[in-house]
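Enquirer: Quick one: sequence plus predicted model below, questions after.
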2 protein chains.
Amino acid sequence: MKIIDSSPKKDGFRMPGEFEPHAGCWMIWPERPDNWRLGAKPAQDAFVEVAKAISQFEPVTMCVSARQYDNALHLLSPDIRVVEMSNDDSWVRDCGPTFVINDKGVVRGVDWEFNAWGGLVDGLYFPWDQDDKVARKICGIEHKDVYRTPGFILEGGSIHSDGEGTIFTTEECLLSEGRNPHLSKAEIEDMLKEYLGAGKVIWLKRGIYNDETNGHVDNIMCVVKPGVIMLAWTEDKNDPQYDICVESLKILENETDFKGRKLEVVKLMLPKPVLITEEESGGVDSIEGTLPRMEGDRLSASYVNFYIANGGIVFPLLGDPNDTLAEDALKQAFPDRKIVGVPAREILLGGGNIHCITQQQPK
Amino acid sequence: MKIIDSSPKKDGFRMPGEFEPHAGCWMIWPERPDNWRLGAKPAQDAFVEVAKAISQFEPVTMCVSARQYDNALHLLSPDIRVVEMSNDDSWVRDCGPTFVINDKGVVRGVDWEFNAWGGLVDGLYFPWDQDDKVARKICGIEHKDVYRTPGFILEGGSIHSDGEGTIFTTEECLLSEGRNPHLSKAEIEDMLKEYLGAGKVIWLKRGIYNDETNGHVDNIMCVVKPGVIMLAWTEDKNDPQYDICVESLKILENETDFKGRKLEVVKLMLPKPVLITEEESGGVDSIEGTLPRMEGDRLSASYVNFYIANGGIVFPLLGDPNDTLAEDALKQAFPDRKIVGVPAREILLGGGNIHCITQQQPK
């Protein structure tokens, strides 16, 4: 593995869409008891189910700390590859590599600097040094060369690509004080274009209400295919989420992508607000420096936080009547893929969802 | 990766000879300052050179603790694959898997129980729990299923295979009090046959004089090819090593292998005794429970502790006039392979040599 002192754009690489073919999927095993209730045991069960669901479509590798190696090996089915990897938590979408490819099928990784969603300004835990090494370690195992972005903070969940030159992101996240306050919006846009091999960046203002990631784009929208966007939606005008949805829809409807296409927007209904229960809150260790999980806190639940696998969609079941609506909408949007729901409340309780705990490696 | 509740012999697997084709070579990065002098920096340089030498013949993967990951990545050339792996020290020959293959080219690993060369009886350090997980972690990365031998202690350095049904070992090691004192010699022999898919075990009495591994066979002899053995040798009758060599030669000359062949024995001259200097001893941390490295201690130096790679031999240079004799002997014994010497005193100071820090994975 080489650390390359160039950029994907200069070298003719681009970030493919998630809907393009994968070599496999990466995940990180949950364990920290100050984020996951009851010593992370319920979350581990949920991660096992997500891994199992994805592994019917493509190979899954689970990265596991030395402490949890035996336990993970025991709980996961044998077709899941288990590799040791130190980590600070389980969000491989955010700390893992963003893979880029070129026309010859060469795959490389972008190793963004990671600071736990805001560093010492409003990061979610401290320290985050092991997370920050995850991207290069994954690329190391796979013998993929790496672009590093020293001094530039980004998480994979804050970007979506249509694979044809357009990147989607949110101002709430990328212009946040805890990421790259030394850079202007134009400079950040240049970095995205340079390291994702893109030509245009479409900026939503905000992500899902109360999302602790400062509004990651992958929780409010995704790219179904070039030119088609799926947008989280609510009709409840009393919900603070409503204005965000309307605002996002306007932006998307008034934009064209890098190829000059008007965007088609498909709505995906949100569940009713999901709040942390007393029991759930009580199961989490209280540690100074880690975001607490308080009873009554609203979680940023959204069905759009699903994973696109080879021939499949793995989406979160939230125990809400809209679970069925989501399944139907996904069937319509992805008619050629098998739609698989996995109970995801335990993942949500940790601060994210299925898309956040997965990272595709393109073929 | 599955843990298989059967045995290689039952499933039609055998341990190939080291001279058969490899998929690659595994190593573990040295770091513990109570075994390697000066914070393991000189040893790291030596390991880098061994990895470089082998990588001209086959892919090399270096397993590195989280603490040392960045440093190893920096020091190793980019074609060496670096993967995170917790460990207690750097002897992958001994704690790594013994790979077995079948006629269809399927490769599996044998994950022997490991107790640091003698456990609480005369083991070399404590604890050894991370080392004991190395075999399955390597197999996990490679998606190879695993045979585990609960309650049976063995290190890879204590066995050699001719790939055609014959295993070589020493009584000094396998009958030692710190390994499997609950088993008879016949029962141990049965275990070797069962887990290495072999038909005959040839027992030398002892290994190299003062070898802290209780006389590993890989330090006194190796298999050049089926029917041909290379034996470490000295003509110095005042050296306690002399009797061991003569005794070993007699055993080998009077044995036939599993195929019924008489064994041809090629002698490989040992270097003069190698003693630890005051400076070398002074560079090692003193820790209760770890074998100390005292000034004047004799190291178990032997040229036979080399690695057979695809098309190459990587052997230890010991700064002795016999370095040249060794090179010449290896050229004669392996006329189709390139012979590469690597300075190995720093490896020897840690208690082993090039064969001990490498483990081949068959193709």
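Expert: That came through fine.

Enquirer: right, and the secondary structure at A:Glu280 would be what?
Expert: helix (DSSP: H, G, I helix; E, B strand; the rest coil).

Enquirer: Then A:Val201?
Expert: Under three-state DSSP, A:Val201 falls in the strand class.

Enquirer: Test of understanding: give the bridge partners of it.
Expert: A:Ile167 (DSSP bridges).

Enquirer: Strands of the stretch 251-363 of chain A, residue ranges please.
Expert: Assigned by DSSP state E, counting those that start in this stretch, the stretch 251-363 of chain A shows strands spanning A:264-269, A:274-275, A:298-299, A:307-309, A:312-317, A:338-343, A:359-362.

Enquirer: Point out the most buried one among the ones you listed.
Expert: strand A:307-309 (a mean of 26; mean count of other CB atoms under 10 Å in any protein chain shown). Placement of C-beta: from N, CA and C, glycine included.

Enquirer: that older thread, please identify which of the strands of the stretch 251-363 of chain A is closest to B:Asn210.
Expert: Among the strands of the stretch 251-363 of chain A, strand A:359-362 comes nearest to B:Asn210, with 49.6 Å by CB to CB.

Enquirer: Any idea which of the strands of the stretch 251-363 of chain A gets closest to chain B?
Expert: Among the strands of the stretch 251-363 of chain A, strand A:359-362 comes nearest to chain B, with 15.0 Å by CB to the nearest CB.

Enquirer: For that closest one, C-alpha coordinates in PDB please.
Expert: C-alpha atoms of strand A:359-362 as PDB (Å, rounded to 0.1, in the frame of the first residue of the first chain):
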ATOM      1  CA  GLN A 359     -19.000   1.000   3.600                       C
ATOM      2  CA  GLN A 360     -19.000  -0.400   0.100                       C
ATOM      3  CA  GLN A 361     -15.800  -1.300  -1.700                       C
ATOM      4  CA  PRO A 362     -16.300  -1.100  -5.500                       C
END
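
Enquirer: got the residues of the stretch 1-150 of chain A near chain B?
Expert: Selection of the stretch 1-150 of chain A residues close to chain B by CB under 8 Å from any CB of the partner chain yields A:1-2, A:66, A:69-70, A:73, A:78, A:81-86, A:130, A:133, A:136-137, A:140-141, A:143, A:145.

Enquirer: Of the residues you listed, which belong to strands?
Expert: Among the residues of the stretch 1-150 of chain A next to chain B, DSSP state E puts A:Arg81, A:Val82, A:Val83, A:Glu84 in strands.

Enquirer: so which of these comes closest to A:Leu299?
Expert: Closest to A:Leu299, out of all of those and judged by CB to CB, is A:Val82, at 28.8 Å.

Enquirer: so what's the closest one scoring on pLDDT?
Expert: Per-residue confidence at A:Val82 stands at 98 (pLDDT).

Enquirer: What of A:Arg148?
Expert: For A:Arg148, the predicted pLDDT is 95.

Enquirer: Just checking: what are the partner strands of the helix or strand hosting it?
Expert: Assigned by DSSP states H and E, A:Arg148 belongs to strand A:146-153. Strand A:146-153 sits in its sheet next to strand A:3-4 (parallel), strand A:107-113 (parallel), going by DSSP bridges.

Enquirer: can you put the strands of the stretch 251-363 of chain A in a markdown table and add mean pLDDT and distance to A:Cys245?
Expert: Putting the strands of the stretch 251-363 of chain A into a markdown table (pLDDT from 0 to 100; distance: least, CB to CB, whole Å) gives the following:
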| stretch | mean pLDDT | distance to A:Cys245 |
| --- | --- | --- |
| strand A:264-269 | 98 | 8 |
| strand A:274-275 | 97 | 17 |
| strand A:298-299 | 97 | 16 |
| strand A:307-309 | 98 | 22 |
| strand A:312-317 | 98 | 18 |
| strand A:338-343 | 98 | 23 |
| strand A:359-362 | 98 | 26 |
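
Enquirer: who's in contact with A:Thr324?
Expert: For A:Thr324, the contact set (CB atoms under 8 Å, 6 or more residues apart in numbering or on different chains) is empty.

Enquirer: just to revisit the earlier point, out of the strands paired with strand A:146-153, which comes closest to B:Leu349?
Expert: Nearest to B:Leu349 among these is strand A:3-4; the distance by CB to CB comes to 31.8 Å.

Enquirer: continuing past the closest one, what's the next helix or strand?
Expert: helix A:8-11.

Enquirer: next structured bit after that next one?
Expert: Assignment by DSSP H and E places the next element after helix A:8-11 at strand A:22-28.

Enquirer: That next one versus strand A:312-317: what angle between them?
Expert: Angle of strand A:22-28 versus strand A:312-317, following axes from the mean of the first three to the mean of the last three CA atoms, to 10 degrees, is 30 degrees.

Enquirer: pLDDT below threshold where in the stretch 151-300 of chain A?
Expert: Within the stretch 151-300 of chain A, no range satisfies pLDDT under 70.

Enquirer: pull the CA atoms of the strand holding A:Arg148 into PDB?
Expert: Written as PDB, here are the backbone C-alpha positions of strand A:146-153 (Å, rounded to 0.1, in the frame of the first residue of the first chain):
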ATOM      1  CA  VAL A 146      -4.400   5.600  -0.500                       C
ATOM      2  CA  TYR A 147      -4.900   9.400  -0.800                       C
ATOM      3  CA  ARG A 148      -4.600  11.200   2.500                       C
ATOM      4  CA  THR A 149      -6.100  14.600   3.100                       C
ATOM      5  CA  PRO A 150      -4.000  16.100   6.000                       C
ATOM      6  CA  GLY A 151      -5.800  18.900   7.700                       C
ATOM      7  CA  PHE A 152      -9.100  18.300   5.800                       C
ATOM      8  CA  ILE A 153     -11.800  16.700   7.900                       C
END
